[in-house]
Structures are given as structure tokens and as C-alpha cells.
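Visitor: after the sequence you'll find the predicted model.
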Amino acid sequence: MKKGFTLIELLVVVLIIGILSAIALPQYTKAVEKSRAAEAMINLKHMKQALEVSKLSGEESPTAQDIFELSGGTWEFDGTLYCTKNFGYQIGGDGIVSAYRCATYNCQESCTTMSDYDYVIGYREDGVLACLGGATGLYNDMCSTLSLPPLQTP
């Protein structure tokens, strides 16, 4: 009697592994993206609070670099856009901050334009944290995954 596995047994094992990986990989990428979005929400909350403190203290037109204590990125466009690896944080003149999830691998390399984004997380004028599905369509379901209300079009 020969020892070993038959071709059918090996094919069944490969098929089972393929099915399990097809189910697990999308869930893994969604979990990774949720953690990146959590980073953005934390930074946005910090930025919003810093803007409110600055406004309440009566400082005369402070720059964004003066009031935000952020690390891991660079300031662009005279301090109105902060770029990290995953997000570009834009500070509007009205004090509304938004985080654009860059469609490219590294936001710091393509931070000059915010037209190519996967999704946007930001504060609406009423102070509610909200989300907008992106231009690329890769993470349009991310807003529902994060359970955030819709953001008005930027």
C-alpha cells in the first residue's frame, strides 16, 4: 500500500484554502481601512478642538502650524493642507477641517491635489462628524461601515 495523498485530496484542500482566503481578505482590508479612518477621526477631533481653543482665546489669525500639534506629515499650501501617509487634512477658511483619504499609496507624494480621493471624513457646519464616498469608488461603502452621516459635497 502506498503512502501519501491522492490528487483529489490535495485539490480539495487547495479549494478550501482558496475559499477561506476569498472570504477573509476583503474583511481584513476593511478592518485595516477602519483603523486608518479612526486615525483620521482622532486627528480631526484634535484639530477641531485646537481651532475652538484658538478662537476662544482671541488670538489674532494664528497659523495652522501654531495651533496644531501634529506629527508624521508635512504642511503644504501655506499651512492649509497637512499631508500624512494616508490622509490629506484640509483646513477651510471657515474653520471646517476635512480628511481626504488619498487614492494613491502615499499621500505625501500626491498631496498637491485633493481631487483624487477614496473618501472624505470631516465636520459639517453643524459640528457633526460626517463622511462622503470618494471619487475613485474604492471605498464608497466605508461611510456606511463607519456609521457616519453624509457629508455635504466639499
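Guide: Received, thanks. Numbering: from 1, shown residues only.
Visitor: so residue 5 sits in a helix?
Guide: No. Per DSSP: H, G, I helix; E, B strand; the rest coil, residue 5 lies outside any helix segment and is coil.
Visitor: can you give me the pLDDT of it?
Guide: The score at residue 5 is 88. That number is its pLDDT.
Visitor: which residues touch it?
Guide: By Cβ atoms under 8 Å, 6 or more residues apart in numbering, the contact set of residue 5 is empty. Placement of C-beta: from N, CA and C, glycine included.
Visitor: one more time with 10 Å, if that's ok
Guide: Going by Cβ atoms under 10 Å, 6 or more residues apart in numbering, residue 5 touches 11, 12, 13.
Visitor: over to residue 141?
Guide: By Cβ under 10 Å, 6+ apart, the neighbours of residue 141 are 30, 33, 119, 133.
Visitor: among those residues, who's most crowded?
Guide: residue 119 (28 neighbours; other Cβ atoms under 10 Å).
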